[in-house]
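Asker: Coordinates only, no sequence provided:
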């Protein structure tokens, strides 16, 4: 679905369903250099189970236009403007990796509308190695390869994709290749520079579900502990045999955790 | 943190797509010989049908054994996903039918496997899809033949039977300039010798019956999506960029981005055309893929020795192999196929059709049959078999004469193969040479 934010075309994948203001919404925010495609399974599920699924493309990502937002904070502000532009009244916000930091800031900044938050593959802080930043700054393909290989657990690199016939790391690198020049660097830089995580966590009023991959080396469960302690109301789901690309590596278990949170804190029926 | 590397080809050949079976611990890929899969509950069933959860519903669409082969081939080719099909022909048809329909047009190399030629020349026109054939060595001819309704360019990595090496980087650029993809039949080269996606191609299919399976025991095909072609930007592919009423108005490019093509091929083509691979076949082909790198090395090693032998034999008029300096694509082959130019090639026997017949009937190790890519060495006479529907002019255009013999070099001891060929050539020449010349 195309709509407008700040005078620029914005896009949200909705599961081929029209937006219904009478339904609660789940807002999905993708990670660095990626787009709404990372949420296809989970967003389709919510779109067909009583929710508006709004898998956003951040500005200059996927099908959204407009200038890149250079910080996690300004990305969150854009998400809130997008939600307002769509007329969303109550929503669950979920994000992955960089998108999880954006979701964290969004939950902190929009407490009256955010009914639940789900942070996937998050750590605070989220430092990025110099090698990756340098490669991304140079728009070198090795930056995509680093994200792809550090992002997927070794098992996922060998395969056994829950989505039959699909080669997970092949699909991930093609999606990264679709990002425009400078997009990955912008996003990685925003992650690396973000310092407000614990402060934002303390401001989150909504119940939070944190979903982590036990084999995640980009946002390790250990690195997420301080954040979890700072959140007033957080539950944690750790997925075994799972790296940083949780929605692809363990799509069912991620969805189950999301559905469980949404059902408790933003039930489809009651809000519809 | 050091910069990591992707898992390499030999390891992927053995492992990609499969982990030890979680229920039994079986190390080998189990044969999931089942048509269907029990749903956890009604919501799970609905979610599977509506592509909200991953998994298997019915083995015409997906099967766990097939999925291992599909992933493995995607990994080896460097693609995003694949579909196993009942044959290589089914894979080719699935590729075309996913993006083309009545009123559309294809530009194809004319140096093709006879079955592919039949599909394009005789069968698809009945369904409104026309094909213009061009010389694969004339890259500008591809460009000149493109029309507004052209939906894809098609060629083989190594043309059949003249081993024309397609200039994939140039032809893919021609395709992309026109906003259309390049589809490659990569059967003769396998990803061990050539990865067309790395050179610019967009879609690849194989007759898995040949070198991938490698043992002449199972018919199958694989269609792989490279994931780089931007269907939405092209604007020429409504099957991928507009809502599909046949699947809840799914817009494949919107939903799956780089995987739009292969998802449509599965959700429509596998579902509706139904040319699926059996899981037992997938298992057989997987056993072949596990040793693909080793076998291809040996295939090439033996082929090079046999080419050298034939070149020096008085009964042989010509040998067509791109590694030979006189082959028109020699320089291109050095660039695109540095590991070798396959193990299927042709040579012209002196004495024409009678000599060819005598030669084939005198062989003892080579088997006379209609296949290539077996571990065992094979031989055939194209003019009377694989290309028998072509008239003389079409044969000439494809680089075939009545004396052309095609070999598929296997994995036997090369000396045994050479001795077999030497003996059969001697008999063929003795039988057909002018009487006064025999023994001269």
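Answerer: Sure, I can see it. Since the structure is predicted, the reported quantities are computational estimates derived from the model, not experimental observations.
Asker: Report the beta-bridge partners for residue A:92.
Answerer: residue A:26, residue A:116 (DSSP bridges).
Asker: Just confirm it contacts residue A:23, I think it does.
Answerer: No - taking contacts as C-beta atoms under 8 Å, residue A:92 lies outside contact range of residue A:23: 11.8 Å. C-beta here means a position set from N, CA and C on the backbone, and glycine is covered the same way.
Asker: Tell me which of these two has more neighbours.
Answerer: The residue with more neighbours, out of residue A:92 and residue A:23, is residue A:92; 26 against 20, by other C-beta atoms under 10 Å in any protein chain shown.
Asker: how close does the more buried one sit to chain B?
Answerer: Separation of residue A:92 from chain B (C-beta to the nearest C-beta, to the nearest Å): 17 Å.
Asker: pLDDT score for the closest residue to residue B:134 other than its chain neighbours?
Answerer: Sequence neighbours aside, residue B:141 is the residue nearest to residue B:134 in space, at 3.9 Å (criterion: C-beta to C-beta, 6 or more residues apart in numbering or on different chains). In this prediction, residue B:141 carries a pLDDT score of 98.
Asker: now do the one 4 residues further on
Answerer: What the model reports as pLDDT for residue B:145 is 98.
Asker: Count the residues that sit near it.
Answerer: 19.
Asker: from what I can see it touches residue B:131, true?
Answerer: No - Residue B:145 is beyond contact range of residue B:131, at 9.5 Å (criterion: C-beta under 8 Å).
Asker: So for these two, which residues contact both of them?
Answerer: residue B:107 (C-beta atoms under 8 Å, 6 or more residues apart in numbering or on different chains).
Asker: mind listing the helices for the stretch 251-400 of chain B?
Answerer: If DSSP state H, counting those that start in this stretch is used as the criterion, the helices of the stretch 251-400 of chain B fall at B:252-256, B:260-264, B:271-272, B:279-290, B:292-311, B:330-336, B:352-362, B:392-397.
Asker: Can you name the helix or strand that residue A:81 falls in?
Answerer: helix A:72-86 (DSSP states H and E).
Asker: For the chain, which residues score under the pLDDT cut-off?
Answerer: You didn't pick a chain, so chain A it is. A:269-272 (pLDDT under 70).
Asker: Sorry, I should have been clearer: chain B.
Answerer: B:1-3, B:398, B:435-440.
Asker: Tell me which residues are up against stretch A:252-260.
Answerer: Taking C-beta under 8 Å, 6+ apart as the rule, stretch A:252-260 contacts A:26, A:41-42, A:45-46, A:49, A:94, A:118, A:120, A:162, A:209, A:211, A:237, A:239, A:242, A:246-247, B:52-54.
Asker: Please pick the buried ones from these.
Answerer: A:26, A:41-42, A:45-46, A:49, A:94, A:118, A:120, A:162, A:209, A:211, A:237, A:239, A:242, A:246-247, B:52-54 (16 or more other C-beta atoms under 10 Å in any protein chain shown).
Asker: Please name the nearest non-neighbouring residue to the residue positioned nearest the centre of chain B.
Answerer: In chain B, the centroid-proximal residue (C-alpha atoms, centre = their mean) is residue B:187; its distance is 2.4 Å. Distances taken as C-beta to C-beta, 6+ apart put residue B:207 closest to residue B:187, at 4.5 Å, once the chain neighbours are dropped.
Asker: Give the burial count for that neighbour, as a bare number.
Answerer: If we define neighbours as other C-beta under 10 Å, then residue B:207 has 29 of them.
Asker: For the helix holding residue A:81, which outside residues touch it?
Answerer: By C-beta under 8 Å, 6+ apart, helix A:72-86 touches A:3-6, A:10, A:12, A:19, A:25, A:27, A:29, A:54, A:56, A:58-59, A:69, A:91, A:93, A:98, A:101-103, A:105-106, A:108-110, A:113, A:190-191, A:193-194, A:196.
Asker: what residues are up against the residue nearest to the centre of chain B?
Answerer: B:88, B:113, B:156, B:205-207, B:210-211, B:373 are the contacts of residue B:187 under C-beta under 8 Å, 6+ apart.
Asker: Sort out which of the residues you listed are buried, if you could.
Answerer: For these, buried by 16+ other C-beta under 10 Å: B:88, B:113, B:156, B:205-207, B:210-211, B:373.
Asker: And the helices in chain A?
Answerer: A:40-47, A:72-86, A:98-109, A:130-137, A:141-151, A:154-158, A:168-177, A:183-193, A:197-203, A:221-230, A:246-249, A:251-265, A:268-271 (DSSP state H).
Asker: Can you add distance to residue B:178 and give those back as CSV?
Answerer: Formatted as CSV, these follow (distance: least, C-beta to C-beta, whole Å):
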stretch, distance to residue B:178
helix A:40-47, 30
helix A:72-86, 37
helix A:98-109, 37
helix A:130-137, 33
helix A:141-151, 26
helix A:154-158, 36
helix A:168-177, 21
helix A:183-193, 28
helix A:197-203, 49
helix A:221-230, 49
helix A:246-249, 33
helix A:251-265, 37
helix A:268-271, 47
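Asker: Compare the ones you listed and report which one is nearest to residue B:84.
Answerer: helix A:168-177 (16.5 Å; C-beta to C-beta).
Asker: Can you name every helix or strand that the closest one contacts?
Answerer: The elements that helix A:168-177 packs onto, with contact taken as 3 or more C-beta pairs under 8 Å, 6 or more residues apart in numbering or on different chains; DSSP states H and E, are helix A:141-151, helix A:154-158, helix A:246-249.
Asker: And the first one, what's buried?
Answerer: Burial within helix A:141-151, assessed by neighbour count using 16+ other C-beta under 10 Å, is assigned to A:143-151.
Asker: Closest to chain B out of these?
Answerer: residue A:149 (4.1 Å; C-beta to the nearest C-beta).
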